[in-house]
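Visitor: next input, structure requested:
(3 chains)
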Amino acid sequence: MTAFLRRRLILATSLFAALSLVISGCGSSDDSASGGNCDAYESYGNYEGVEVEIYSSIRSPEAEIYQESFAEFEDCTGIIINWNGTAEFEAQLPVRVEGGTAPDLAVFPQPGLLKAMVATGKMFPATGDVSAAADEYYGADWKAYGTVDGTFYAAPLGANVKSFIWYSPKTFADNGWSIPTTWAELLALSDEIAAGGNVQPWCVGFGSGDATGWVGTDWMEDLMLRVNDASTYDAWVDHSMPFNDAKVAAVLKEAGKILKNPKYVGNVPAIATTTFQEGGKGIVDGSCAMHRQASFLGGILSADYGATIVTPDDTTTEGGITTFYFPGVTADQRPALGGGEFVGSFSDRPEVAAVQLYLTSPEWNNKKAALGGWFSANKGLDVANVADPVNKNAVEILKNATTFRFDGSDAMPAAVGAGSFWKEMTAWVAENKSDKAVLDAIEKSWPKS
Amino acid sequence: MARKLRKRDVEVVKTHLSSPWASFTAIVLATIWTIPTFGLFVTSFRPSTGINSSGWWTVFTNPEFTFTNYTRVLFEGRGATPPLSQYFLNTFAIVIPSTIIPITIAIFAAYAIAWFDFKGRNFLFFTIFALQVIPLQMSLIPLLQLFSGGLHIGSFTVIPSFGITGTFIPIWLAHTMFGLPLAIFLLHNFIAQLPRELIEAARVDGADHFKLFRQIILPLSVPAIASFAIFQFLWTWNDLLVALTFGGGKREIAPLMVRLAEMTGTRGGDWELLTAGAFVSILVPVAVFFALQRYFVRGLLAGSVKG
Amino acid sequence: MIEIAARQSQLEQAVSKLTGLTLTILIFGALVAIAFALSERTGERVQRILKYVIFLAPALLFLFIGLVAPAFRTLYLSFRDARGNESVGWENYQWAFTQPEILDVLRNTGVWMIVAPIASTGFGLLIAVLTDRMRRPGLVKSLIFMPMAISFVGAGIIWKFVYQFEPNERAPEIGLLSQVAEWFGFVPTNWLLVNPLNTFLLIVVFVWIQTGFAMVVLSAAIKAIPDEILEASMLDGASGWKRFSRVTVPMIRGTIIVVLSTITIGALKVFDIIRTMTGGNFKTSVIANEMYNQSFRALNYGTGSALAIILFLGVLPLVAYNVVNLRRERSER
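Guide: Below is the predicted model of the structure:
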């Protein structure tokens, strides 16, 4: 589903701080850049007025921050970077590629789409420099997600972590609830909250326009890593294990313990019509206690519902929200589910490779992170540059996770990962479709070749 | 023509026809039609936190208004983002030719199909009618290939690429192609209904098809052209897909809709901006509708058509 | 400094765009004028051929490049695999008709094709007639017309604020329909989940948009009816309804069919409304939406093209009806 998580990593607090910084610094930035030190950029070469288009699904206000992070690079190298973000990215990219007007660089939110674009024969493998930089600054698994059939095409860009449950420390403290550390404890806590009667234990929203259902796939993925193990997860994603296998059924059954329990989530069918943005508002106003969603959610809750991102010890701030780790079946089991995007090239012009290389550098990653609301899996990223507590936590999880897995639905064929999987998870809650019918239908939709 | 009416009779008839009940019903319908839009209008002045927690009708008992949404839509954007005025200009640069060119070509074709005698004109007419259903998405890739690379059979170049990618020209051409079937269909319906005697009389007077078209058909078709022009104008004004696809990702030629879609935010939840943006983009089309309304005045055709 | 330069270049850009725009229109106008001036000077023999070249050829050329050729390409792709590399025979069509949801999709498409055009045309005709003799119809017509001027994104949000359902009983409703239901003492339900009501609720959005189109076209047709005919029927003592059904409707019958046909095609192609409101879930999907999903989500051009061809076949009954109708009209003339 990450297609639609689309780097919603912005935490508004840090975003607005960054914006005001940028705005106030606006007048002087031109002077400082032109008069500044360009030595660091010498290795990228010198160009005069050449343009590089980066095509992506990332739009305002994040797009402006990306653009801002390129300013010095642009001034020093003479390359003009055009960040072109559109909601129609997934549909438009294939059209532009087939139509002969491919962008220079594209930011792929899913490995599946990258694979499809490599298959068109219009992509260029990453240059040796980019490949070496990826080896140096990213883990082997991250590099592998940008690799198709043994050839490395796309270098990692941003990242997010999904294995989070959002809650309000104040609500928890006021009611004397404690953070669960195992799946069983989580269910027990849910029962306890439900028994209290005032607060609904969970808020869930699957709604996301034509991508409705992706939240459900995230629940499945997180639980797949916990109820089963990483190798089962991989078999599930690459379809060496059928989608209606007993192991998958076991996961869906666990998910149903929360998602299909009216005592926990209230009106079950309404999950399908509640947008994922609205889904989390209950933890801000205190009408529900917990909400499972990736690290980016804080930005939405603070911008649209007036939440404040706090640390877990801050139990006094009204509307303060933070996260705890989505617990494993046992307390020592700590797998992490995440996502990220990858930059692939449709051009062999040297300035395009220079931009791609720059995006893998620790310099740029730190610069971008410092502008707020963003982090990456770059090993050179200094946690000190990541301002808000949830993202900081996410970076730590990325660095220390014993098992890290990429969003599974994004790696599945689009017919499943952006099709039947979403649709069936939606029907599962909206129409009370049975576990077996859901899994059988997804299995049947898996493309044969 | 009909019978002669005395002046007093005519007046009696006119007042009878303009029944107050008819007007009342029309006003009620118009009100119902507008309530959803009105809700959007009210919403566009509400702060985002209010939008998400209470219905828009509650503002009447609990007023809470802001202009932030509009100032953000109109003036937000820094550095590389051009001001909104540029997007307005681009929209006009796209919409005006994309309305004039297809209508001109369509009215020619409509006239030919309606009044030229040639074999297979019915077949041609219904083929064009059926072409309307071809989903525009199916044409995107082949057209884009044509515009960016030209047309080649083997090593022989049938149509060169002209290097028009990144200009307004592909957008104009695409809108022309996609707008033609409906334009021809609607205008044909109008032109075919012109009285045969009128055309034949002109032919007898020695007018060739060119003169006939220029002196008789065109002046008579003004209301039909105006009606269709409004729709073609609106479709191109509100179009996102064609501009995105054929604009080659160039910000310099992107229209308003592309900017608004971009502004809605990666998170997709910024309704307050969408609501304000929707109203900014609605102003021009509604103004155009008002301006062209006088072309629909009663009696413009009376006496010349049928009767 | 840089900012001033940027502003200057923006101004230059604007000027060059405006000149380009004016030049384009002038050149286009000049081309048409020259073609006419020259043609009128030629003899009858030359004109016999020239008239096709000037009047018909441009449209045919554009239609061929923009629609006919891509349609054949679509037909070809519908027999190929996902990337168009290998032939798969009828497999894509087989797939289309063995989809488990296909019956829902076909049924919904049928409902859309019948209900949406009739409702839009009916409302459009009603308003056109009601406002025909109004003193100041401008405002009423503009209000009915306004939805046409709203983009699909805008329409999606507007109707979200109508159909929204709040599952939390303690929280206030945001959706107007739910609130109105509450005011009248009903318990609001999750409207978009109730099948088959939800398909009709989506059709309401479409009708809300398309009525403006029907109204404008039908209104122009009604205005073309000579005053004398209506007034004569009036003096003959015909009641309002009789005047409407015996005079107005028969006089504009051709236009009504045109409007119905156009809106039917629009309904056949509809997918934006469905995507934004339900994403095709809850048994509301139609063929056009499935086509979009296959081509641009699943990136399977084979199955997407097959669905496009099936969609195209859906228009054939409509074409047949129009053929019959045109024949009749011609014989009447």
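Visitor: burial measure for the residue of the stretch 101-250 of chain B found nearest chain A, as a count.
Guide: Across the stretch 101-250 of chain B, no residue is closer to chain A than residue B:144, which sits at 2.6 Å (CB to the nearest CB). In short, each C-beta sits where N, CA and C put it, glycine included. As a burial measure, residue B:144 scores 23 neighbours (other CB atoms under 10 Å in any protein chain shown).
Visitor: that one should be in a strand, yeah?
Guide: No: counting by DSSP: H, G, I helix; E, B strand; the rest coil, residue B:144 is located in no strand; its state is helix.
Visitor: distance of it from residue A:358?
Guide: Taking CB to CB, to the nearest Å as the measure, residue B:144 falls 30 Å from residue A:358.
Visitor: wait, a strand at residue A:404?
Guide: Yes: judged by three-state DSSP, residue A:404 forms part of a strand.
Visitor: report the contact partners of the nearest residue to it once chain neighbours are set aside.
Guide: Distance criterion CB to CB, 6 or more residues apart in numbering or on different chains; nearest residue to residue A:404, sequence neighbours excluded, is residue A:336 at 5.0 Å. With contact taken as CB atoms under 8 Å, 6 or more residues apart in numbering or on different chains, residue A:336 is in contact with A:161, A:163, A:397-398, A:401, A:403-405.
Visitor: what's the residue nearest to the residue of the stretch 101-250 of chain B closest to chain A when sequence neighbours are not counted sitting at in phi/psi?
Guide: By the measure of CB to CB, 6+ apart, the closest residue to residue B:144 outside its immediate chain neighbours is residue A:99, 2.6 Å from it. Main-chain dihedrals, residue A:99, degrees, to the nearest 10: phi -80, psi 0.
Visitor: enumerate every residue touching residue A:99.
Guide: By CB under 8 Å, 6+ apart, the contact set of residue A:99 is B:140-141, B:143-145, B:147-148, B:245.
Visitor: just the residues you listed now: which is nearest residue B:164?
Guide: Sorting those by how near they are to residue B:164, with CB to CB, puts residue B:147 at the top with 6.2 Å.
Visitor: would you say that closest one is within a strand?
Guide: No: when the secondary structure is assigned by three-state DSSP, residue B:147 falls in helix instead of a strand.
Visitor: give me the number of residues near it?
Guide: 26.
Visitor: what's the pLDDT at it?
Guide: With respect to pLDDT, residue B:147 scores 88.
Visitor: name the nearest residue to it, sequence neighbours excluded.
Guide: Among residues not flanking residue B:147 along the chain, residue B:170 sits closest, at 4.4 Å (CB to CB, 6+ apart).
Visitor: can you read off the pLDDT for residue 23?
Guide: I'll assume chain A. Per-residue confidence for residue A:23 comes out at a pLDDT of 39.
Visitor: that was the other one, I meant chain B.
Guide: According to the model's per-residue confidence, residue B:23 sits at a pLDDT of 87.
Visitor: using TSV, lay out the contacts of residue A:99 together with distance to residue C:141.
Guide: Output for the contacts of residue A:99, formatted as TSV (distance: CB to CB, whole Å):
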residue	distance to residue C:141
B:140	35
B:141	40
B:143	36
B:144	39
B:145	43
B:147	39
B:148	43
B:245	34
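Visitor: and those residues, which is closest to chain C?
Guide: Using CB to the nearest CB as the measure, the one of these that approaches chain C most closely is residue B:143, at 6.4 Å.
Visitor: follow-up on the earlier one: surely the residue nearest to residue B:147 meets residue B:243?
Guide: No: contact criterion CB atoms under 8 Å: residue B:170 and residue B:243 do not qualify, at 10.1 Å.
Visitor: what's the neighbour count on residue C:32?
Guide: Applying the criterion other CB under 10 Å, we find 15 residues in the vicinity of residue C:32.
Visitor: residues contacting it?
Guide: Taking CB under 8 Å, 6+ apart as the contact definition, residue C:32 lies against residue B:104.
Visitor: next, the buried residues of the host helix or strand of it.
Guide: Using DSSP states H and E, residue C:32 sits in helix C:2-41. For helix C:2-41, the buried set under the neighbour-count rule, 16 or more other CB atoms under 10 Å in any protein chain shown, comprises C:10, C:13, C:17, C:21, C:24, C:28, C:35, C:39.
Visitor: helices or strands up against the helix or strand just after that helix?
Guide: Once helix C:2-41 ends, the next helix or strand along the chain (criterion: DSSP H and E) is helix C:44-51. With contacts defined as 3 or more CB pairs under 8 Å, 6 or more residues apart in numbering or on different chains; DSSP states H and E, the packing partners of helix C:44-51 are helix B:209-212, helix C:2-41.
Visitor: still on that earlier bit, of the buried residues of helix C:2-41, closest to residue C:214?
Guide: For the buried residues of helix C:2-41, the minimum distance to residue C:214 (CB to CB) is 31.1 Å, reached by residue C:28.
Visitor: which SS state does the residue nearest to residue A:404 fall under?
Guide: Going by three-state DSSP: residue A:336 is strand.
Visitor: same question for residue A:160.
Guide: Taking three-state DSSP, the label given to residue A:160 is strand.
Visitor: how about it: which residues does it bridge to?
Guide: Counting by DSSP bridges, residue A:160 forms beta bridges with residue A:339.
Visitor: what pLDDT is listed against it?
Guide: On the pLDDT scale, residue A:160 is placed at 90.
Visitor: now do residue A:171 against chain B, distance only.
Guide: When distances are taken as CB to the nearest CB, to the nearest Å, residue A:171 and chain B turn out to be 18 Å apart.
Visitor: quick one, what contacts that residue?
Guide: Counted by CB under 8 Å, 6+ apart, residue A:171 has contacts A:177, A:199, A:283, A:286, A:289.
Visitor: I figured the second one hits residue A:285, correct?
Guide: No: here residue A:199 does not reach residue A:285: they are 10.6 Å apart, not a contact under CB under 8 Å.
Visitor: care to break chain A down by domain?
Guide: For chain A, the domain assignment from automatic domain parsing gives the residue ranges A:2-161+A:338-402, A:164-335+A:408-445.
Visitor: distance from the first one to the middle of the chain?
Guide: In this case it means domain A:2-161+A:338-402. Averaging C-alpha positions (CA atoms, centre = their mean, to the nearest Å) puts domain A:2-161+A:338-402 14 Å from its chain's average.
Visitor: could you do the shortest one as well?
Guide: On the basis of CA atoms, centre = their mean, domain A:164-335+A:408-445 sits 15 Å off its chain's mean C-alpha point.
Visitor: how far does that domain stretch from start to finish?
Guide: Taking CA to CA, to the nearest Å, domain A:164-335+A:408-445 runs 30 Å from one end to the other.
Visitor: ok, back up a step: will you turn the helices and strands packed on helix C:44-51 into JSON lines that also has mean pLDDT?
Guide: Formatted as JSON lines, the helices and strands packed on helix C:44-51 follow (pLDDT from 0 to 100):
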{"stretch": "helix B:209-212", "mean pLDDT": "87"}
{"stretch": "helix C:2-41", "mean pLDDT": "83"}
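Visitor: out of these, flag the one nearest residue B:94.
Guide: helix C:2-41 (9.3 Å).
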